[in-house]
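Undergrad: Can you look at this prediction? I've put the sequence above it.
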Amino acid sequence: MTRTKRYRFTLFWASVLVGLGVGVMALGVAAAGVILLLPGGVPVPYGRPPVLAAAVALVAGLVVGAPLIMIGQLVQVFLDQRRLLASIQRSLRRWEDERESERDHPMRGPVRPS
């Protein structure tokens, strides 16, 4: 398994979480709009005003959708950091190998400490 394919599953589900969060938020906004703008009104239990039901639908959509978006983006950030740190580690290894080969050069001999 190559390095790029190893975390594709996790990246996919992080993107799904972000999309699901956006969908839930949009659903809350749409539900609030339907409650307010429907001419006959939506039957609201216990005789509450439709504005209150619309506010509850809007807040519920935001409260449920926002954590899904944040969790998905947090997982994406962790995966990006992992990729960047792996790149930095490869660069440092390459740099150390170059310094090691310069130190033990066959024509110059070992470097004397000063």
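TA: Cool, the structure landed. Numbers count the residues shown, from 1 in each chain.

Undergrad: C-alpha only now, for contacts and for neighbours.
TA: OK.

Undergrad: element containing the residue nearest the centre of the chain?
TA: Per C-alpha atoms, centre = their mean, the C-alpha nearest to the average position across the chain is that of Q73, at 1.6 Å. If you go by DSSP states H and E, Q73 is part of helix 50-103.

Undergrad: elements contacting that helix?
TA: Packed against helix 50-103 by the contact rule (3 or more C-alpha pairs under 8 Å, 6 or more residues apart in numbering; DSSP states H and E) you find helix 8-37.

Undergrad: For the helix it packs on, what is the distance to the chain centroid?
TA: Centre-to-centre, helix 8-37 and its host chain are 14 Å apart (C-alpha atoms, centre = their mean, to the nearest Å).

Undergrad: Next, the buried residues of it.
TA: Within helix 8-37, the residues that count as buried by 16 or more other C-alpha atoms under 10 Å are 11, 14-15, 17-22, 24-33, 35-36.

Undergrad: Quick check: nearest residue in space to A14, chain neighbours excluded?
TA: G72 (4.3 Å; C-alpha to C-alpha, 6 or more residues apart in numbering).
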